[in-house]
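J.: Provide a 3D model corresponding to the input given below.
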Amino acid sequence: MDAFFASVEQRDNPDLLGKPIVVGGKPEGRGVVAAASYEARKFGIHSAMPAGRVLRLCPQAIFVKPRFDVYKEVSEQIRSIFLDYTKLVEPLSLDEAYLDVTENKVNNFSATLIAREIRQRIKEKTNLTASAGVAPNKFLAKIASDINKPDGITVITPEEAQDFITKLPIGKFYGIGKATEAKMHDLGIKTGADLKEWTKIDLQQNFGKIAAFYYNIARAIDDREVKPNRIRKSVGAENTFAEDIGDMEELTTRLHEIAGKVSQRLLKAEASGKTITLKVRYENFESVTRSVTLPEFTNDALTLFQFSSELLKETDAGQRDVRLLGISVSNLNLNRKLTRGIQLSLQFEQEAANPT
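T.: Reported below is the predicted structural model:
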């Protein structure tokens, strides 16, 4: 979908049409951008940007409070359209999904024609625009879907795939972020053609486990299937504070609230987990994480709070002001409603600081 949250808001409030709108928290609340309209994006505004920076880039930006219940309702309407064509629908988020239409319910031999028809139906049903990428694998389809946004379609045939990858700037590769892009540039890798020159061994020495993925995509190879039921990997919650907090007692209180929220989400998902990860973001936007893996699965709020509190002591919280706290639980065991607590008796593992 094209600027999904912002487009829904403009659809439902015509006064916002053509204006730079930002869906998210306001600057006085230390909010961040959840979505930005295309008018706002022209000023360099993007998702996850602090609201204060938004106003420096675009003083006339209009902030709109998110309505996730509405976005979810529209997302379900769109997904119902997808399912008219194939049962192989893999959602990535509320506004994006992979569809495998190799075999489809409408007996249409052309994936391109199916994509056009789906886009037209979405427009008729929701009065919103969507963009599509048609390609022989997930990696290429993802990249293609972003090329002619908004309201566009890009087709990459199997015959065109290798030539397309060869010419593609490395920063446009899905799965390669800014830090990896910079590292690749330092190594002389600026396009798909450059990446293809590297052996798998050389890539492993520089990039570790993900080297095989880089090696394959440089050759337009992606054998991942479209999986309708994606396995959830983690459950979490975080809180960005209205003002930086330096007092450990207050931070502990906030952590208790977050642990309760994570527990509720685990129980709702009928899940429990073994690995608890604490995220701390300091006043200068530097983020660190600390993790511990338990001997048993848990979704108990008190257990999450106790371990997170111990992890918090392993950070500079209390010595440095904190902007954000978060807790996530991974290494999940789904469909298991555990509630018992676990006695604190483990050594805690520290992870390297991750500047953001």
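
J.: contacting residues for residue 176?
T.: Residue 176 is in contact with 170, 184, 214, counting by CB atoms under 8 Å, 6 or more residues apart in numbering. C-beta coordinates here come from the backbone N, C-alpha and C atoms, glycine included.

J.: pull the number of nearby residues for the closest residue in space to residue 11 that isn't next to it in sequence.
T.: Among residues not flanking residue 11 along the chain, residue 127 sits closest, at 5.5 Å (CB to CB, 6 or more residues apart in numbering). Counted by other CB atoms under 10 Å, the residues lying close to residue 127 total 12.

J.: look up how far residue 54 lies from residue 127.
T.: According to CB to CB, to the nearest Å, residue 127 stands 26 Å off from residue 54.

J.: a strand runs through residue 19, doesn't it?
T.: No. Using DSSP: H, G, I helix; E, B strand; the rest coil, the assignment for residue 19 is coil, not a strand.

J.: the chain should start at 428 in everything you say after this.
T.: Will do, 428 is the new start, and the previous item becomes residue 446.

J.: and the closest residue in space to residue 516 that isn't next to it in sequence, what helix or strand is that in?
T.: Of all residues not flanking residue 516 in the chain, residue 509 sits nearest, at 4.7 Å (CB to CB, 6+ apart). Using DSSP states H and E, residue 509 maps to helix 495-510.

J.: ok, now residue 655?
T.: Per DSSP H and E: nothing holds residue 655, as it lies in no helix or strand.

J.: my guess is it meets residue 513, correct?
T.: No. When contacts are counted by CB atoms under 8 Å, residue 655 is not listed as touching residue 513 (9.3 Å).

J.: give me the more crowded residue out of those two.
T.: In terms of neighbours (other CB under 10 Å), residue 513 is the more surrounded of residue 655 and residue 513; the figures are 18 against 15.

J.: which residues touch the residue nearest to residue 516?
T.: Counted by CB under 8 Å, 6+ apart, residue 509 has contacts 516, 524, 526, 545.

J.: separation between the residue positioned nearest the centre of the chain and residue 686?
T.: Central residue of the chain (CA atoms, centre = their mean): residue 520, 7.7 Å from the mean position. Distance, residue 520 to residue 686, by CB to CB: 25 Å.

J.: now the helices for the stretch 628-777 of the chain?
T.: For the stretch 628-777 of the chain, applying DSSP state H, counting those that start in this stretch gives helices covering 638-644, 675-695, 728-739.

J.: show me where pLDDT drops low in this protein?
T.: Across the chain, the ranges flagged by pLDDT under 70 are 455-457, 658, 762-783.

J.: now do the same end-to-end measure for stretch 534-543.
T.: The straight-line separation of the ends of stretch 534-543 (CA to CA, to the nearest Å) is 15 Å.

J.: next one: stretch 684-703
T.: Terminal-residue distance, stretch 684-703 (CA to CA): 15 Å.

J.: tell me how far that stretch lies from the chain's centre.
T.: Distance of stretch 684-703 from the chain centroid (CA atoms, centre = their mean, to the nearest Å) equals 19 Å.

J.: also stretch 446-462?
T.: Centre-to-centre, stretch 446-462 and its host chain are 18 Å apart (CA atoms, centre = their mean).

J.: residue ranges for the strands of the stretch 478-627 of the chain, please.
T.: 489-491, 516-520, 523-526, 559-561, 580-582 (DSSP state E, counting those that start in this stretch).

J.: what does the longest one contact?
T.: The set of residues external to strand 516-520 that reach it, using CB under 8 Å, 6+ apart, is 506, 509, 510, 524, 525, 526, 653, 654, 655, 657.

J.: what are the bridge partners for the fifth one, then?
T.: Here residue 525 sits in beta bridges with residue 517, as judged by DSSP bridges.

J.: next, work out how far apart the nearest residue to residue 487 once chain neighbours are set aside and residue 500 are.
T.: Excluding its sequence neighbours, the residue lying closest to residue 487 (CB to CB, 6+ apart) is residue 447, at 6.4 Å. Separation of residue 447 from residue 500 (CB to CB) stands at 25 Å.
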